[in-house]
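Trainee: What would the 3D arrangement of this be:
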Amino acid sequence: MEGRRLEARPESYQSIRRGWCLGDADFRKELLAQATQRMGAHHYGEERRATAEAKAEAIVVSDLQRRCWQGKLPEGLPKGDPRKVALALRLRAESTMSVGWIATRLHLGTRQYATKLLCQARRTPGAAPVPAARVDKVGD
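Mentor: From the prediction side, this is the model:
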């Protein structure tokens, strides 16, 4: 038995020691789907983060498909596009992802600018948020 233990290579166990899931991508997706329904106190950081990210990504993909955008945002949409801001509001309401993650995923610019857009949209429900015009000062 001791000889077998010495024969084993430690790098072969690396995938088991790192991460929470051992299996292919489909198996991981199935586990994440189950975890969103039954998250308990025994689930820790990595599982919770992966589950929340999978849920948020599913919201993004479903919204993009609903808009017939083939699963990705069209090129050239402005940072403050009302459709992107509406999706960001939905993500904040239905998921636990940070504003930084949402800003990066939806190409809303910086976290601070995304927060500003979300605040503007919450203040005026029904009206599309209009990004503030940038005014460059001319030297005296």
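
Trainee: Quick check: next helix or strand after the longest helix along the chain?
Mentor: Among the segments of the chain that qualify as a helix by DSSP state H, the longest is helix 45-66. Secondary structure here is assigned by DSSP states H and E; on that basis, the next helix or strand after helix 45-66 toward the C-terminus is helix 82-94.

Trainee: Kindly list the single helix or strand of the protein that scores lowest on mean pLDDT.
Mentor: Among the helical and strand segments of the chain, the one scoring lowest on mean pLDDT, DSSP states H and E is helix 14-17, with a mean of 56.

Trainee: Any regions of this structure where pLDDT drops low?
Mentor: Scanning the chain for pLDDT under 70 picks out the ranges 4-23, 32-45, 125-140.

Trainee: What helices and strands are in contact with the helix or strand hosting A121?
Mentor: Secondary structure assigned from DSSP H and E places A121 in helix 111-123. Taking 3 or more CB pairs under 8 Å, 6 or more residues apart in numbering; DSSP states H and E as the contact definition, the neighbouring helices and strands of helix 111-123 are helix 82-94, helix 99-106. To be clear about C-beta, it is placed using only N, CA and C from the backbone, and glycine gets the same treatment.

Trainee: Return the set of buried residues in it.
Mentor: For helix 111-123, the neighbour count (16 or more other CB atoms under 10 Å) marks Y113, A114, T115, K116, L117, L118, Q120, A121 as buried.

Trainee: State the distance from the first one to R66.
Mentor: When you say that, I think you mean Y113. Plainly put, Y113 is 25 Å away from R66 if you go by CB to CB, to the nearest Å.

Trainee: same deal with R105?
Mentor: Counting by CB to CB - R105 and R66 are separated by 17 Å.

Trainee: Just want the angle from the helix holding A121 to helix 82-94.
Mentor: In this structure, helix 111-123 runs at an angle of 90 degrees to helix 82-94, with axes from the mean of the first three to the mean of the last three CA atoms, to 10 degrees as the basis.

Trainee: between helix 111-123 and helix 99-106, what angle do the directions make?
Mentor: Here helix 111-123 runs at an angle of 90 degrees relative to helix 99-106 (the same axes, to 10 degrees).
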